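Novice: could you look at this predicted model? Sequence included:
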Amino acid sequence: MYIRKIEIKNLWGNDFSWTLNEDVNVLIGKNGSGKSTILQMLNEAVLPVEDSKLNFRLFDSVDEIIVELEDDIVIRVDSESRSITGNTEITDYKLNAKLINTFDVAEKSLSPNITLLDYQLDKLKLEFVTYQRDLSNQVEEAFKNDNEIARKAQLESIQTIYETKNMFIRVLTELFGHTEKKFDEKAFLFLKAGVQTPILPENLSSGEKQVLIILLTTLLQDRKEYILLMDEPEISLHIDWQRSLIKNIRQINPNCQVIIATHSPTVFYQGWIEKMARIEELQSASDLETESAILAEKNKRSEGRVQKIKSDFKNFSGGIPAKLYQFNRKISAYNSFTREECIELLDFLLKENGIHPDVITFTSFISKLNSYADAKEIFDLMEAETYTRLSHVRPNDITLNILIKKVSRVEQGIELIQNLSNNQKLQLYPDIITFSTLLGKAKNTDEIRLIEEMRNYYGVKTNDIYLNKLNFKR
């Protein structure tokens with residue numbers, strides 16, 4: 001599975017949109033322009049782990065990052081939460097990704113006897129040993145197979161796997177040949193002609209360690225679909241090694257999507273210029289009232305989803321509460337709806353099936369709408385009691401905090417908070433999540449001051465997340 005496109009909303013006052021190639025992508029730009037930040041956020045956003053294991057603090061500097069994967073899966077992440085949705089009901093995904101950070105601090109030690117590069121090599125050595133053992137086990141199992149056809153097919157498969165490892169060895173031999181070093185895969189060390197003492201990985205130069213880490217990481221992908229992100233991999237590499245880096249990675253794993261941030265034109269000038277993007281070409285002045293291009297495109301490609309939901313509804317079992325529960329789960333699996341689709345589905349529930357939507361229904365629809373105006377219109381249907389009585393379905397703090405994500409300007413958010421808190425029917429008040437979300441949209445000190453004044457007015461106490469974001473914004 002590959003990454004098709006990413007959008008970042010309001011990174012230092014700018015929006016970024018980057019359509020990616022399936023094979024190679026190179027991002028260039030001035031120091032401090034945001035290249036490393038984009039790679040770090042992208043890596044964290046797509047990690048297929050539980051949300052509790054994510055570092056949401058990485059997203060304090062942006063309003064939201066939106067990542068489109070294959071199979072129409074869309075990931076949306078901000079400093080508070082992550083949502084994974086699609087145009088079908090399947091929202092799980094398998095994605096292998098690895099970020100290799102810049103090596104400009106490579107020689108800072110974790111302990112007096114080990115560097116950061118050595119630490120990474122030690123981990124890769126253990127993985128390489130396991131990789132070698134797995135190959136041997138597969139060969140042994142193949143010879144045990146009594147079925148000649150099956151054994152032949154398995155041996156041919158193993159031969160392909162060994163081709164990958166042999167390619168890795170050939171690349172290493174070519175790179176290290178100028179210093180007459182040869183990699184001993186069994187002992188995981190280097191031998192040099194005329195020198196009896198073997199050269200351990202920790203005794204290599206920084207550049208040699210660095211390229212060994214990159215190529216080992218690629219080998220251990222086992223030619224599977226993989227995303228390899230690298231931040232300034234050219235550091236410490238000889239110019240010839242920079243020139244052949246992408247080629248060598250793609251030789252070892254042709255199924256690897258390479259995403260690189262670099263300052264060195266040597267990395268991409270020979271054969272990869274058309275894969276290069278300048279960061280200033282990806283950015284535009286922040287206009288959060290414009291819906292995400294990714295989600296807008298998804299809407300265009302998702303005609304018929306309302307009919308699909310209606311058709312699936314016929315198979316729902318149980319009474320009204322059970323059917324409403326299944327309906328809410330169904331709509332939550334989609335990444336977006338239009339205002340018209342929300343109205344049509346609300347009408348379908350009440351007018352055709354006699355089911356009153358609950359607050360989860362409304363909150364789910366609000367979360368799937370891309371513009372604030374549309375989201376606010378659906379929100380207002382609760383107060384208007386168009387589909388249910390307010391005494392039975394009342395918006396809560398979750399509804400408010402999802403709606404506040406849709407505002408395009410800080411002033412718009414403050415106005416919303418004031419109107420809702422002064423509404424005697426709703427009596428809906430902001431919490432620290434509300435102000436933290438709004439703070440993410442601030443572009444200048446005046447807007448930060450307004451948010452702080454409003455927070456103090458409502459007596460909402462800060463938390464670590466809010467303070468971290470406040471310090472970043474200042």
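Specialist: Sure thing, it's come through.
Novice: and for this protein, the residue most distant from the center?
Specialist: residue 194 (49.0 Å; Cα atoms, centre = their mean).
Novice: nearest residue to that residue other than its sequence neighbours?
Specialist: residue 180 (7.9 Å; Cβ to Cβ, 6 or more residues apart in numbering). (Glycine included, C-beta is placed from N, CA and C.)
Novice: next up, the contacts around that neighbour.
Specialist: 192, 193, 194 (Cβ atoms under 8 Å, 6 or more residues apart in numbering).
Novice: let me have the residues you listed in a markdown table, extended by secondary structure and pLDDT.
Specialist: A markdown table is the format used below for these (DSSP: H, G, I helix; E, B strand; the rest coil; pLDDT from 0 to 100):
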| residue | secondary structure | pLDDT |
| --- | --- | --- |
| 192 | strand | 91 |
| 193 | coil | 83 |
| 194 | coil | 82 |
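Novice: so which of those comes closest to residue 359?
Specialist: Distance to residue 359 across these (Cβ to Cβ) is lowest for residue 192, with 70.9 Å.
Novice: okay, and the beta partners of that closest one?
Specialist: On the basis of DSSP bridges, residue 192 takes part in beta bridges with residue 181, residue 195.
Novice: surely it touches residue 199?
Specialist: Yes. Counting by Cβ atoms under 8 Å, residue 199 is a contact partner of residue 192 at 6.2 Å.
Novice: which one of the two is surrounded by more residues?
Specialist: Neighbour totals were compared for residue 192 and residue 199, and residue 199 leads with 19 against 14 (other Cβ atoms under 10 Å).
Novice: and the gap between that one and residue 174?
Specialist: From residue 199 over to residue 174 the distance is 17 Å, taken as Cβ to Cβ, to the nearest Å.
Novice: do me a favour and average the pLDDT over the host helix or strand of residue 75.
Specialist: Element membership for residue 75, per DSSP states H and E: strand 73-77. For strand 73-77, the mean pLDDT works out to 87.
Novice: now it: how far from the chain's centre is it?
Specialist: Offset of strand 73-77 from its chain centre (Cα atoms, centre = their mean, to the nearest Å): 7 Å.
Novice: by contact count, what packs against that strand?
Specialist: Strand 73-77 sits against helix 35-46, strand 64-69, strand 82-86, helix 293-300, with contacts defined as 3 or more Cβ pairs under 8 Å, 6 or more residues apart in numbering; DSSP states H and E.
Novice: now the first one and strand 82-86, what's the angle there?
Specialist: If I follow you right, that is helix 35-46. Counting by axes from the mean of the first three to the mean of the last three Cα atoms, to 10 degrees, helix 35-46 points 70 degrees away from the direction of strand 82-86.
Novice: pull the contacting residues for residue 414.
Specialist: Residues counted as contacts of residue 414 (Cβ under 8 Å, 6+ apart) are 438, 450, 451, 454.
Novice: got a list of what the last one touches?
Specialist: Each residue near residue 454 by Cβ under 8 Å, 6+ apart is listed here: 414, 417, 430, 435.
Novice: quick one: the helices in the stretch 251-400 of the chain?
Specialist: In order along the chain, the stretch 251-400 of the chain carries the following helices (DSSP state H, counting those that start in this stretch): 279-282, 293-300, 305-313, 320-332, 339-347, 353, 359-368, 372-384, 397-404.
Novice: what is the burial count for the residue nearest to residue 264 when sequence neighbours are not counted?
Specialist: Distances taken as Cβ to Cβ, 6+ apart place residue 234 nearest to residue 264, at 4.0 Å, with adjacent residues excluded. Residues within reach of residue 234, counting by other Cβ under 10 Å, total 23.
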